[in-house]
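1. here's my sequence, what's the structure:
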Amino acid sequence: MTHAHDPVRSLASPTQAEHQPKMAKDLSAFTLFAVAFGFVSIATGIFTAYGSVLNSSGPLGIWTWPIVVVGQLAVALVFGALAARVPVTGYAYQWVSRLANPVIGWIMGWISFMFLGVVVVAVDYTIASTILPVLLGYAGTTANAWAITAVVILLQAALVAISTHATQKVNNTAVTLQLIGMIGLTVLLFAVGLITGQFDWSTLFSTGSVPTEGYFALGSLSDISPWAMGFLLGAFTIVGFESAANLAEETKDPANVVPRAMWRAVLSLGVLGFLFLVAVTGLSGDPAALANSPTPVADVITTVLGSFVGKALLVLVVISIFSCGLVITLSGSRLIWAMSRDERFPGWRSFRKISPSRGTPMNATVFMFLVGQAVLGVFSAFSTDALFALFSAATLLPAVIYAGTVALYIVKRKQLPPTRGFTLGRWEVPVLAVAVVWLIWELLIFRDESFRASWVYVFVMLGIGAVYFVWLLSRKGIRGLTMPDLASIDAELDAEPPHHA
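-> Now for the predicted structure:
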């Protein structure tokens, strides 16, 4: 098998690699699963967005969750097919650069960078704005929320910069705790709720304080129905599974391990998350009153299981959110490093370096930290509802990334090299159909007027990227934007023994 001139299977040249320290290729299958699971983090997503969904869609909004799971599972399977053919750090940036051309690939890389820059702030801001004030009993303000979030982002960046292995251990432990905690809580809620008679099945089909008239309407050009708003809960939560692909070059047998990590994370999180949502919603009592609480999930747990378990949930959520932010920082630093290795990111000479002593892209990680601080400052200063603006922007951007990547896969899939592991086989066309329908529907949701702040962030960041892109064109021209000094990675892959799914 040789693809010496195939631009799809490529990495930095051996000459370049000889002068750069390499990251170790020793990540295990569980570590990759934990990375995907930790990024998605149902404890983080549900705790952050559940109150917003109660306000916009009522309890009935949770029934959009299974649809999101099916749609995102289809996307994860498509990404798995790509990861099995192009096992290169940088995921969507690398794939699109090879599926389409380096110019479109650069745009996708920049959008991915925009997403990672905002989502790390979105999840970490939840700790400071809603959880710690309740857990520690102090009054939350914009000022202390900003300060605490800044410290959390700093701690995550420091850990990622210092040691990949330490980061793995922290995330693996956090994911294990989250799995045990969420399963245990779900079982306890159902058991206590059903035994005591507190569980109310009718609440699951109530719209709460949301009017029933026009609930399922298609909406207008700038307005969507309450039911459509419910999709934000799942769409915000079940993203980031592709972060496993961003560690492909540090993983043994990536063609099998990475795809499995992605789809298993989506499926397991989807099932567990829905059961947890049903349990919490069925025990919510008065959902209209609950919607006004900054911590509605914790309130339900405290009412049903007592204050000790309620506090324990908050501690679990803090651990889960810290783990989620850790994985986002890890993924963001790898993307910056991958684009810098290809000489296509601002300041690439510094950001492509690997620390000889740490084996980590330390400079790229420091820059990821600075970006997070900048995004935090902007949203805290200019948005009256910073948390909603952050989580909606962090939902819009991956939808754009997923749609662009899936569209290019459909066009170019016949030209891809053969897989060395995972394949969609005869299910390819049905999976693609589901992914396309879901992504079109998801993108249409963001026409609503309430997402104006999210679109402003997108356009501002695209404007910054456009300035740099014009500068690249002025220096290199379109031909000069081709991936520099690329060599086939087939020899590297062929040197490894074949693996089977």
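
2. only C-alpha atoms for contact and neighbour calcs from this point on.
-> Will do.

3. helices of the stretch 151-300 of the chain, residue ranges please.
-> Secondary structure of the stretch 151-300 of the chain by DSSP state H, counting those that start in this stretch: the helices cover 164-196, 226-229, 231-237, 254-282, 287-290, 296-305.

4. quick check: which of those is nearest to Phe216?
-> Proximity to Phe216, assessed across the helices of the stretch 151-300 of the chain by Cα to Cα, is greatest for helix 226-229 (5.5 Å).

5. returning to that earlier point: hey, which of the helices of the stretch 151-300 of the chain is tucked in deepest?
-> helix 231-237 (a mean of 26; mean count of other Cα atoms under 10 Å).

6. contacts for that helix next, please.
-> Contacts of helix 231-237 from elsewhere in the structure, counted by Cα atoms under 8 Å, 6 or more residues apart in numbering, are 40-42, 44-46, 49-50, 53, 61-62, 64-65, 68-69, 391-392, 394-395, 442.

7. redo that, cut-off 7 Å
-> With Cα atoms under 7 Å, 6 or more residues apart in numbering as the contact definition, helix 231-237 has outside contacts at 40-42, 45-46, 49-50, 53, 64-65, 68, 391, 394-395.

8. in helices, which of the residues you listed appear?
-> By the criterion of DSSP state H, membership of the contacts of helix 231-237 in helices covers Val40, Ile42, Gly45, Ile46, Ala49, Tyr50, Val53, Trp65, Val68, Phe391, Ala394, Thr395.

9. what's near enough to touch the first one?
-> Spelled out, that is Val40. Applying Cα under 7 Å, 6+ apart, the residues near Val40 are Thr237, Ile238, Val239, Gly240, Phe241.

10. which ones are touching Pro133?
-> Ala139, Gly140.

11. three-state assignment of it?
-> Going by DSSP: H, G, I helix; E, B strand; the rest coil, the secondary structure assigned to Pro133 is helix.

12. might you list the low-confidence residue ranges for the stretch 351-500 of the chain?
-> 380-387, 478-500 (pLDDT under 70).

13. all strands of it, in order?
-> Secondary structure of the stretch 351-500 of the chain, counting by DSSP state E, counting those that start in this stretch: strands at 486-488.

14. now the stretch 1-150 of the chain
-> Residue ranges of the strands in the stretch 1-150 of the chain, as given by DSSP E, counting those that start in this stretch, are 10-12.

15. picking up where we left off before, out of the helices of the stretch 151-300 of the chain, which is closest to Ile354?
-> With Cα to Cα as the criterion, Ile354 lies closest to helix 164-196 of those, at 12.0 Å.

16. report the mean confidence score over that closest one.
-> Averaging pLDDT along helix 164-196 gives 89.

17. report all helices and strands that that helix contacts.
-> Secondary-structure packing of helix 164-196 (3 or more Cα pairs under 7 Å, 6 or more residues apart in numbering; DSSP states H and E): helix 29-40, helix 254-282, helix 307-341.

18. sorry, back to before: sort the contacts of Val40 by pLDDT and name the bottom one.
-> Gly240 (85).

19. just confirm that residue contacts Ser41, I think it does.
-> No: contact between Gly240 and Ser41 fails when scored by Cα atoms under 7 Å: they sit 9.2 Å apart.

20. which one's more surrounded, those two?
-> The neighbour count for Gly240 versus Ser41, taken as other Cα atoms under 10 Å, is higher for Ser41 (31 against 26).

21. can you tell me how far the residue most central in space within the chain sits from Thr419?
-> When Cα atoms, centre = their mean is applied to the chain, the residue found nearest the centroid is Gly240 (2.3 Å). As defined by Cα to Cα, to the nearest Å, Gly240 lies at a distance of 23 Å from Thr419.
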